[in-house]
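**Q** Any chance you could fold what I've pasted below:
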Amino acid sequence: MKFDVVIVGAGPAGSTAAKYLAEKGVKALLIDKNTFPRDKPCAGGIPIRVLERFPYIKNTDLIDSYSYCSYTHYYNLKNTAEFQRKEPVAAMVLREKFDHGLVDLATEKGATLIEGKSVEDIKLSKYNATIMLDDGTIIKTKIIIGADGVWSTIAKKSGLSHQRPIAICVFQEHPLNSNKLDKFFSKKRWCHIFVNFQGLAGYGWIFPKKNRVNIGIYESRLTPYLKDRKNLKLVYNNYLAFLKANEIIPYDLKMGKVRGAAVPVSPLDKTYTDRVVLCGDAGGFISPITGEGIYYAMSSGQLAAHVVAQALEAGDCSARFLLRYKTMWQNDFGKDIKLLLQAGKRWAHDNDKFFRLVLSDDTLSELIFDIITSQIQFHEYKWKLIRRYLYINLKDLIGRRK
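**A** Residues are numbered from 1 along each chain as shown. Below is the predicted model of the structure:
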């Protein structure tokens, strides 16, 4: 079997890369170890800018619902900020349906799909790349796009992977009839975020959807200030009990199987080498603060497709040529990831004062909310945010002295 490009991993990153390559007339093969439709551990909330950057998604039925309001709580219900908009603040998806839809979009454009097969090894040479599947199939290609997740085989076999910090989340997605969803979350599908619940260096979430509600907690493991790690299952059980006691979710909500996932929180030092580029979780592209990765997955898949098509046209798949991929993602979303990474290292360090000031000022809280939910780019508003925080901090100090 011979293809111009082989994309390993058919999640949002890989499917997006395959779609754009197929549109350019490139002979592309998409491989995934699972058979579609398949589910994926995920909260299912995606930023609106995903739809702005990839407008073709709006013309499908891949979006399950929209949320128009979000409540952010610090520790408890006494410290709360409400964010309500005329336009949606987030889109909700069911990963089983969303990912399958993206695969279909890629194959409709001409990409070939192999399902239920795992990549066991790869060999890179001066003239081509060879991929060995678990059933003995051998595939020849000019270049490989690794989009196979946080434990990427392609990153490992190409020598690009290394030990890196990860974040952990646990969650459940519960079926819930529309009447109860309307009662507890209104037709606007209010979201809830609980920052630092029980001292967690992270947050708890509630994401209501059309006929389900996704509830979970996320712990960042970046910060050097943490003295110990939390028992996430215990924190999650306490979180559910708290939500029920405060009538935020139905008291009789049945508990299903708790699921968990690990996500990267920083890009790899190098996301390309001879005949290989990495995108999505495989490259470490994710928000270190929230763990949201679909925007970065699809964006890096789009950029990877662009650079790979250029490499094929130039007849040069060397690391030297593929360096332009790094330049592109750094200029595109890398600045935001870098700033979020710096902010994420301060979880659980002097947060009380920070959140007290944020919640006391509507302008500051709106800025933070828009950055966290990816409504705006962090690096473009960095200095506005800093100036506002310094102003509120000074105002607070003067007020206390009086």
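**Q** CA only for contacts and neighbour counts going forward, please
**A** Noted.
**Q** So in this protein, where's the weakest helix or strand by average pLDDT?
**A** Between all helices and strands in the chain, the lowest mean by mean pLDDT, DSSP states H and E belongs to helix 351-360, at a mean of 76.
**Q** Contacts for that helix, please.
**A** Helix 351-360 is touched from outside by 74, 79-81, 364-365, 389, 392-393, 396, with contacts defined as CA atoms under 8 Å, 6 or more residues apart in numbering.
**Q** try stretch 118-138
**A** 1, 8, 31-33, 117, 139-144, 153-154, 157-158, 274-275.
**Q** Swap in 10 Å and give it another go.
**A** The contact list for stretch 118-138, computed with CA atoms under 10 Å, 6 or more residues apart in numbering, reads 1-2, 4-6, 8-9, 31-34, 116-117, 139-144, 148, 153-154, 156-158, 273-276, 316-318.
**Q** Please pick the buried ones from those residues.
**A** Taking 16 or more other CA atoms under 10 Å as the criterion, what is buried in the contacts of stretch 118-138 is 4-6, 8-9, 31-33, 117, 139-144, 148, 153-154, 158, 273-276, 316-318.
**Q** if we can go back for a sec, list the buried residues in the least confident helix or strand of the chain.
**A** Neighbour counts over helix 351-360 (16+ other CA under 10 Å) mark 355, 357-359 as buried.
**Q** From the centroid of this protein, which residue is nearest?
**A** The centre of the chain sits closest to G293, judged by CA atoms, centre = their mean, with a distance of 1.3 Å.
**Q** mind listing what the nearest residue to that one once chain neighbours are set aside touches?
**A** Distance criterion CA to CA, 6 or more residues apart in numbering; nearest residue to G293, sequence neighbours excluded, is I286 at 4.5 Å. Contact analysis of I286 by CA under 10 Å, 6+ apart lists 263-267, 280, 292-297, 333-334, 337, 340-341.
**Q** mind redoing it with 7 Å?
**A** When contacts are counted by CA atoms under 7 Å, 6 or more residues apart in numbering, I286 touches 264-265, 292-293, 296.
**Q** ranges for the strands of the stretch 201-350 of the chain?
**A** All strands of the stretch 201-350 of the chain, identified by DSSP state E, counting those that start in this stretch, fall at 202-208, 212-219, 259-264, 272-273, 276-278.
**Q** List the buried residues in the longest one.
**A** I take that to be strand 212-219. Within strand 212-219, the residues that qualify as buried are 212-219, counting by 16+ other CA under 10 Å.
**Q** same question, stretch 268-286
**A** Buried residues in stretch 268-286, defined by neighbour count with 16+ other CA under 10 Å: 268, 270-286.
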